[in-house]
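Here is a sequence with its predicted model. Questions after.
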Amino acid sequence: MLNQIVLMGRLTQDPELRHTQAGTAVTRFTLAVDRDFQSRDGGDKKTDFIDIVAWRNTAEFVSKYFSKGRQAVVSGRLQINDWTDRDGGKRRSAEVVADNVYFADSKKDRDAGGASGDSEQYGRYSSAPAIEPDFSEVDDDGELPF
């Protein structure tokens, strides 16, 4: 089975970092995502407001480097939550559990926002462990086969 979603939009508010009782970092934020089409009457494009939750290092990264209005690409999985409201009614909500969060705005916009740091060098954060390339300079004596 496949449950993969990729969204690009703007944060509607500053993400707030919280911790569970076990000390696990978590942040929730909403992404405003414009639809690709206009309504038939020629009006404005509709915007969907999608709830996102990020855990652990991804949550810390988002809360540190993203703020209201920043453009982000989020990839993750769709999660449906069933719950009961105060009146005993059955309710259902959907959210995206973020695996990766990328910067989607330009470097100029990012610099104007004041976000900086080593983690931003790569322009994204993945929940996978970071692997930095280990390259060395090659001496070109003209005998390389390519």
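Cool, got the structure. Everything numeric here is computed off the predicted structure, so don't read it as measured data.

Provide the backbone phi and psi angles at V101.
Main-chain dihedrals, V101, degrees, to the nearest 10: phi -130, psi 130.

Quick check: beta-bridge partners of it?
Beta bridges link V101 to V74, Y125 when assigned by DSSP bridges.

dump the residue contacts of it.
A54, T58, F61, V62, F66, A72, V73, V74, R124, Y125 (Cβ atoms under 8 Å, 6 or more residues apart in numbering). All C-beta spots, glycine's among them, are computed from the backbone N, C-alpha and C.

who wins for neighbours among these?
Compared across the contacts of V101, A54 has the highest neighbour count, 29 neighbours, by other Cβ atoms under 10 Å.

Isn't it up against V26?
Yes. In this structure, A54 is within contact of V26 by Cβ atoms under 8 Å, at 7.1 Å.

And for D14, the neighbour number?
Per other Cβ under 10 Å, the neighbour tally for D14 reads 13.

what does A98 give?
26.

give the contact list for it.
I52, V53, A54, W55, T58, V62, V74, S75, G76 are the contacts of A98 under Cβ under 8 Å, 6+ apart.

And for L11?
F29, T30, L31, A32, F66, S67, K68, G69, R70, A72.

Of the residues you listed, which is the nearest to Q13?
Each of the contacts of L11 was scored against Q13 by Cβ to Cβ, and K68 proved nearest at 5.2 Å.

buried ones in stretch 6-14?
By neighbour count on 16 or more other Cβ atoms under 10 Å, the buried set for stretch 6-14 is L7, G9, R10, L11.

Go through these and flag which are in strands.
L7, G9, R10, L11 (DSSP state E).

I'd like those residues as TSV, with pLDDT appended.
Formatted as TSV, those follow (pLDDT from 0 to 100):
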residue	pLDDT
L7	95
G9	95
R10	95
L11	95
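
Mind jotting down where the helices sit in the chain?
56-65, 107-113 (DSSP state H).

least reliable of those going by mean pLDDT?
Ranked on mean pLDDT, the bottom entry among the helices of the chain is helix 107-113, at a mean of 59.

Find the least confident helix or strand in the chain, judged by mean pLDDT.
strand 124-126 (a mean of 50; mean pLDDT, DSSP states H and E).
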